[in-house]
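Visitor: Kindly return the folded structure for what I paste below:
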Amino acid sequence: MNRRNIILFATLTLLTLLLFAADMMAGAVRLSPAQVWGALTGADGCDTLTRAIVVDIRLVKAVVALLAGAALSVSGLQMQTLFNNPLAGPYVLGISSGASLGVALVVLAGVGTSAGVAGAAWAGAAAVLAVIAVVGRRIKDIMVILILGMMFSSGVGAIVQILQYLGDEDSLKTFVVWTMGSLGDVTAPQLRVMVPSVIAGLVLAMVTVKPLDLLLFGQQYALTMGLNLRRTRTWLFLSTTLLAGTVTAFCGPIGFIGLAMPHVTRMLTDTAAHRILVPATMLTGAATMLLCDIISKSFTLPVNAITALMGIPVVIWVVLRNK
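Guide: All right, here's what the predicted structure looks like:
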């Protein structure tokens, strides 16, 4: 790693920590750094209400934003490299559609609790990717898998629309709120599931950095270099399920972070080596999601609206650059 990247990693790490602290202070009730620190350390001068706001609400939400940003960004980087497509994102294989189907089924059945919605979304996303992975082991052409994933996603989306049409007003409202995405609906018990799942996905992403580097030169080159393509796809699909699937289950579909942040990271690092790109993308995505959460809380807007406004210019730039 050269001196430039060392400075970049140090800067991104410091920026992420500062934004994490700022996210803890931002909200309907503005808190000072001293109040946040006192609540976290259990200082005697901290009142019960402040401690509850910081520890039970804002700390959980900030951790969720950190994990969601890192997970979506890395899964987007993996999909862009695997499909050799700069506009591929973490939901390209139908993760969002599968999660939406699970949520629609649960909400329509009238058991739309927070835990039920998250579990249904996770199961739906995993089921869709399991089908894609099984099909992928029989098909060599990665573009065929991409097309099948898009068609399968469209079919699942049609079923979701039918369920929405049949649902009552209350269930439809619950489903629409979930589709807007939110970082504040994750509870502390759910966080105990989300944290190890995302960490496992990030570890898998780090393990696959060398195969990803080979895939940059095309599948045929990777095969001639001895890469086991089927096994690599399986690991990448599993990593994407754990990363994007888990975030979608607990936070709803959050757009543009996974699509835009890998490009921002490539521009910052000026490299194609995934041993640098993967950890740098984690930091870039985490910092950006924390910033989006701060803006969302400051103006009382859905976090999905903020991520779209930040991500769309990057996507337009990528399209124009690649013509």
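
Visitor: can you give me the helices for the stretch 1-150 of the chain?
Guide: Per DSSP state H, counting those that start in this stretch, the stretch 1-150 of the chain carries helices over the ranges 3-25, 33-41, 48-51, 59-82, 95-108, 114-136, 142-166.

Visitor: what is the mean pLDDT for the longest one?
Guide: The reference is to helix 142-166. Mean pLDDT, computed over helix 142-166, is 84.

Visitor: got the buried residues for it?
Guide: For helix 142-166, a neighbour-count test (16 or more other C-beta atoms under 10 Å) marks 142, 145-146, 148-149, 152-153, 156, 160, 163-164 as buried. All C-beta atoms are positioned from the backbone trio N, CA, C, and that covers glycine.

Visitor: Can you list the low-confidence ranges for this protein?
Guide: Residues of the chain meeting the criterion pLDDT under 70: 1, 110-115, 140, 323.

Visitor: So which residue is smack in the middle of it?
Guide: Against the mean C-alpha coordinate of the chain, by C-alpha atoms, centre = their mean, the closest residue is residue 72 at 2.4 Å.

Visitor: what's near enough to touch that residue?
Guide: Contact analysis of residue 72 by C-beta atoms under 8 Å, 6 or more residues apart in numbering lists 90, 243-244, 247, 254, 257-258, 261, 285, 289.

Visitor: how about 7 Å then?
Guide: 90, 243-244, 247, 254, 257-258, 285 (C-beta atoms under 7 Å, 6 or more residues apart in numbering).

Visitor: Report the separation between it and residue 95.
Guide: 10 Å (C-beta to C-beta, to the nearest Å).

Visitor: Also residue 62?
Guide: Taking C-beta to C-beta, one finds residue 62 at 24 Å from residue 95.

Visitor: Over to residue 207?
Guide: 20 Å.

Visitor: and what of residue 160?
Guide: Distance from residue 160 to residue 95, by C-beta to C-beta: 13 Å.

Visitor: repeat for residue 254
Guide: In terms of C-beta to C-beta, residue 254 sits 12 Å off from residue 95.

Visitor: swap in residue 235?
Guide: Residue 235 is 16 Å from residue 95, by C-beta to C-beta.

Visitor: do the same with residue 295
Guide: Taken as C-beta to C-beta, the span from residue 295 to residue 95 is 25 Å.

Visitor: who's more crowded, those two?
Guide: residue 95 (33 against 17; other C-beta atoms under 10 Å).

Visitor: need the contact list for residue 281.
Guide: Neighbours of residue 281 in contact, by C-beta under 7 Å, 6+ apart: 73-74, 77, 261-262, 265.

Visitor: typed the wrong thing, it's residue 307
Guide: Here residue 307 is in contact with 254-257, 292 (criterion: C-beta under 7 Å, 6+ apart).

Visitor: could you dump those residues to TSV with distance to residue 175, secondary structure and neighbour count?
Guide: Below are the contacts of residue 307 laid out as TSV (distance: C-beta to C-beta, whole Å; DSSP: H, G, I helix; E, B strand; the rest coil; neighbours: other C-beta atoms under 10 Å):
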residue	distance to residue 175	secondary structure	neighbour count
254	16	coil	31
255	17	coil	19
256	21	coil	23
257	22	helix	31
292	23	helix	29
